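Engineer: Pasting the sequence and the predicted model now:
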Amino acid sequence: MNEISQKILQVIKDKHIHPKPRWHFIMAHILMWIAVSVAIAVGALCCGVVIRHFLKTDWGMVQKLAAGPVESFMIVLPYLWFVLLAIILYLAKWLFAHTENGYKIKPAVVLMGSILVSLAGGLLTFGTHLDVPFEHGFRKHMPFYSDYIKERSSHFVNTSKGILAGEILEMRPEDEVMVVDFDDEQWEVDLHNVLPAPEFIVLQKGFPIGVLGKKTAPSSFKAKKLIPPPPFFEYLEENERKF
Amino acid sequence: MDLQPTDGELVIMSLKDPDQFGKLMERYESKLFRFVRRLTGYDPSTIEDILQETFIKIYQHLNDYNPTLSFSAWAYRIARNESINHFRKAKSSRTVSLDDDNEDTQSLIKVLKDKTDIPEDFKQKESGDEVLKILSMLSLQYRDVLILKFLEEMSYEEISDILKIPMGTVATLISRAKKQFKMIAEKNNLKFD
């Protein structure tokens, strides 16, 4: 045996160095795969939130606010979730590349695969409403998110263009409600022409409301149509409140 | 005829008997020594330290050895990682070291001549220094693939396993490394007759 090899073997014996047990490596590989799975699951949830924001938007209302289709898209675009999704997809790709054989697959293929899996997962989470408690948890635990929601929602207040969205403050007699909009302005809203309300609107204190109509006075609004409130409204739709 | 045990068989035997690991080390000692020297340019004593760390790590991770991977690629991977760790600890920069007898230089020049447009007639000795200088100017990744491909004579698959990158990326890096080599050679007026 060569000198260096002999020397190293002696060090191994003198320092009582042993091979690490097999379970140690099995656990490490399992943990890595768990990390990849968690990243993909979170990506799917983010994707579900993005899908909900797009599918549950009243595009008719958005078009009233925007100058054209591009601006409409930009108003609705949940860019925060896109950024989060991009970060998670990159993390999933990195983690996968560090699995035992993951490095053999081209990064572009891994990325495309991650996107497709996130999209499929997103459709699943959207269909099962799992994205709702996820976003709710985000709102609860991420302080900046409430401000982000409020800022995004304020785009949907443009009473000069006949759009009002907010929360019902008070039910009043003679088919009127008091609404506070996303700019924290209060409005007396005449619902005379739009009752009975469609099923997506719950006419109770604390529930969201979207209204197309006309501003009749500095703090008065006459409704012509009730519309779904923006999906990134701080308050949940009725059938999501159970979460 | 005595059949030598394969690397995989020696790994299994080493798990039961450390002395068998000595046989495995014997097989790879000189190869890894030369590889670490080419990568780092360190003196023999420092290279021995790196080699010791490498083989100890290999021994500790024997239960993690994947038989679908060649032991050689796995050992080279660990040796490369230990070399990089040593750079970071020492905060030193890498220099390139080629064989004293110019064997490495000749190998590299021969291959680069075949694949790039370096002219046939040039002075070996002058070009040897130039090759060394140019190799030092290449980025880390390009230098590694050139050393592994043309000096260590590894296959694309082995380089992929050593560097943990896809085979397609290995091919791309080698191609870019040769182009960059040629570009730097032209910029630095590589002397030809």
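Structural biologist: Ah, there it is.
Engineer: From here on, just use CA atoms for contacts and neighbour counts.
Structural biologist: Will do.
Engineer: ok, residue B:7 touching residue B:71?
Structural biologist: Yes - judged on Cα atoms under 8 Å, residue B:7 makes contact with residue B:71 at a distance of 6.3 Å.
Engineer: So for the two, which sits in the more crowded spot?
Structural biologist: Just comparing residue B:7 and residue B:71: by other Cα atoms under 10 Å in any protein chain shown the higher neighbour count belongs to residue B:71, 19 against 16.
Engineer: That one and residue B:9 touch, don't they?
Structural biologist: No - counting by Cα under 8 Å, residue B:71 does not reach residue B:9; the two are 10.6 Å apart.
Engineer: Secondary structure element holding the spatially most central residue of chain A?
Structural biologist: Nearest residue to the geometric centre of chain A (Cα atoms, centre = their mean): residue A:49, 3.4 Å. Taking DSSP states H and E as the definition, residue A:49 sits inside helix A:22-55.
Engineer: if I pick the closest residue to chain B within chain A, what's in contact with it?
Structural biologist: Using Cα to the nearest Cα, the single residue of chain A nearest to chain B is residue A:19, 3.8 Å away. Going by Cα atoms under 8 Å, 6 or more residues apart in numbering or on different chains, residue A:19 touches B:15, B:59-63.
Engineer: just checking: which of those also lie near chain A?
Structural biologist: Filtering the contacts of residue A:19 for proximity to chain A by Cα under 8 Å from any Cα of the partner chain leaves B:15, B:59-63.
Engineer: Grab the nearest non-local neighbour of residue A:45.
Structural biologist: Excluding its sequence neighbours, the residue lying closest to residue A:45 (Cα to Cα, 6 or more residues apart in numbering or on different chains) is residue A:131, at 5.3 Å.
Engineer: rewinding a little: which one of the contacts of residue A:19 sits closest to chain A?
Structural biologist: residue B:60 (3.8 Å).
Engineer: Can you give me the end-to-end span of stretch A:150-159?
Structural biologist: Terminal residues of stretch A:150-159 are spaced 17 Å apart (Cα to Cα, to the nearest Å).
Engineer: one step back: report the secondary structure state of the residue of chain A closest to chain B.
Structural biologist: When classified by DSSP: H, G, I helix; E, B strand; the rest coil, residue A:19 comes out as coil.
Engineer: Same check on residue A:188?
Structural biologist: Secondary structure assignment for residue A:188 (three-state DSSP): strand.
Engineer: The one 10 residues further on too?
Structural biologist: Put simply, residue A:198 is coil when judged by three-state DSSP.
Engineer: quick one: pLDDT of it?
Structural biologist: pLDDT recorded at residue A:198 is 76.
Engineer: excluding its backbone neighbours, what's nearest it?
Structural biologist: Closest residue in space to residue A:198, ignoring its immediate chain neighbours: residue A:226 at 7.4 Å, by Cα to Cα, 6+ apart.
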